[in-house]
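> Dropping the sequence and predicted coords here.
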Amino acid sequence: MWLICPIAGVGTRLQPFTYSKPKAFLKVAGKRLIDHILIKLQKTFPKNTNVCFIVGYKKRQITDYLQKNYSDYFNLEFVEQIPLGFEADSPFFSGLGDAILLAKDYAYNDDCFIFLSDRLPLEDYSSILLTYHQGNCEGIINIKKVENPQFYGVTVLDENGYVEKIVEKPSEFISDYAVSGAYLFGKIIAPRLFQLLEEQKKVEIKNGKEHQLTPIIQMLVEEGVKLKVNEMQNEILDFGRPDSLLDGNRHLLSEIKLKDPLYENQSRSGNIVDSKIVPPVFIGKDVKITDSVIGPNVSIGDDLVIDKCILSESVIGDGVIMKKIISTNSIIGDYSILEDLIKNNITIGDSTYITTSNMKSF
């Protein structure tokens, strides 16, 4: 079996954070998003499983990091997706369908397990494999019931439980069972999948549209391919938008088990002074917190200084300095500096400086 991960895109909905890093490198609850995903995959797939990453934007960051941290477990391959062009110095690509096609030389005659880099199931991926091997089917689409199906591809099932229709981001309600970050195509249908993707690639892209995977799956269904769905019982976290990132942060913080849940060791070491921590909160390495109230639902990166702040429901990156800040529902990029600010819903990228004071204390 080949695992395929399209990770070439810019992640425009998460700008400004993705100006300096891929969206899968956002750190939440102490780990990068790609780490959370690959740890789940390690629990599902054996050592030396083949993984093909389709890279593009920030490709050097991705390949270097994954080779350093995961080449001892997975057999890693990288294929570059060439951008169609550039807009304001950011590349744009021809879509998910064309990205998956780039794995053809590896997975043409094998089972293909496709996973997306901005969706994280709280459970591992093993239920997808189990559903595939137990069901009389040729492939599996992972789904989850959602409240906002207009943001997703959605599936409609026939009376026998097979996929009858799959529609990308429907403007009218047809189903609330959203495609949720993973697909499995058996080796019987993998060649046809790649053939259809190849035919689609020949079609000229107009008006900013992309070559998607969803219409190809619909063609397979219309050709009589039997696809079933696997409904995840636990949440599938969507990190594609700032609001969903904060929601995912809450879920991950509720799941993690801290070795020092009362932060007694950090208080004794002098890293937390005259401050109150309202769990759940994740605090990274070398973080200094003084005269502050932190939490609930705050993820704090490494190498931070937080002084006289009241923070809740937020994600704070690495290397940040914050003094006299009151905020909730905020996302602060790495190596940013904030001082003297009372504001909710702050969304700033890496290396940003904001102060309302005339004093230059940094």
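Yep, it's here. Note that the structure is a prediction, hence the values are computed from the model and not measured. Residues are numbered from 1 along each chain as shown.
> What are the boundaries of the helices in the stretch 1-150 of the chain?
Ranges of helices in the stretch 1-150 of the chain, per DSSP state H, counting those that start in this stretch, are 33-44, 59-70, 96-101, 104-107, 126-134.
> Give me the contact list for the first one.
If I follow you right, that is helix 33-44. Helix 33-44 has contacts (C-beta atoms under 8 Å, 6 or more residues apart in numbering) with 3, 7, 23-29, 31, 49, 51, 65-66, 69-70, 73-74, 115, 117-118, 120-121, 124-126, 129, 239, 252. From N, CA and C alone the C-beta is placed, and that goes for glycine too.
> Quick one: work out the angle between it and helix 59-70.
Counting by axes from the mean of the first three to the mean of the last three C-alpha atoms, to 10 degrees, helix 33-44 points 40 degrees away from the direction of helix 59-70.
> State the mean pLDDT of helix 33-44.
Helix 33-44 carries an average pLDDT of 93.
> Please apply the same query to the fourth one.
In this model, helix 104-107 has a mean pLDDT of 95.
> The residue lying closest to T63 once chain neighbours are set aside - how many residues pack around it?
Leaving aside its sequence neighbours, T63 sits nearest to F78 (C-beta to C-beta, 6 or more residues apart in numbering; 5.2 Å). Per other C-beta atoms under 10 Å, the neighbour tally for F78 reads 15.
> For F78, give me the pLDDT.
Per-residue confidence (pLDDT) for F78: 97.
> swap in F362?
Listed pLDDT for F362 reads 48.
> ok, now which ones touch V167?
Listed by C-beta under 8 Å, 6+ apart, the contact partners of V167 are G153, V154, V156, I174, S175, T214, Q218.
> Let me know the secondary structure of the third one.
Secondary structure, DSSP: H, G, I helix; E, B strand; the rest coil: V156 is strand.
> shouldn't it be in contact with Y162?
No - here V156 does not reach Y162: they are 10.3 Å apart, not a contact under C-beta atoms under 8 Å.
> dump the residue contacts of the residue most central in space within the chain.
Centroid check for the chain by C-alpha atoms, centre = their mean gives D118 as the closest residue, at 2.0 Å. Going by C-beta under 8 Å, 6+ apart, D118 touches G11, K23, A24, L33, G181, D238, F239, G240.
> ok now do the second one, which residues does it touch?
Looking back up the chat, that one is K23. With contact taken as C-beta under 8 Å, 6+ apart, K23 is in contact with G9, V10, G11, L14, F17, L33, S117, D118, F239, G240.
> check contacts around the residue nearest to T63.
Residues in contact with F78 (C-beta under 8 Å, 6+ apart) are C52, F53, V55, K59, I62, T63.
> Pairing partners for it in the sheet, please.
Beta-bridge partners for F78, by DSSP bridges, are F53.
> these two touch, right, M219 and L197?
No - assessed by C-beta under 8 Å, M219 is found out of contact with L197, at 10.0 Å.
> Quick check: F74 touching V51?
Yes - using C-beta under 8 Å, F74 makes contact with V51 at a distance of 4.6 Å.
> So between the two, which is more surrounded?
V51 (23 against 20).
> any idea how far the more buried one is from P279?
35 Å (C-beta to C-beta, to the nearest Å).
> where does the stretch 151-300 of the chain have low pLDDT?
For the stretch 151-300 of the chain, applying pLDDT under 70 flags no range at all.
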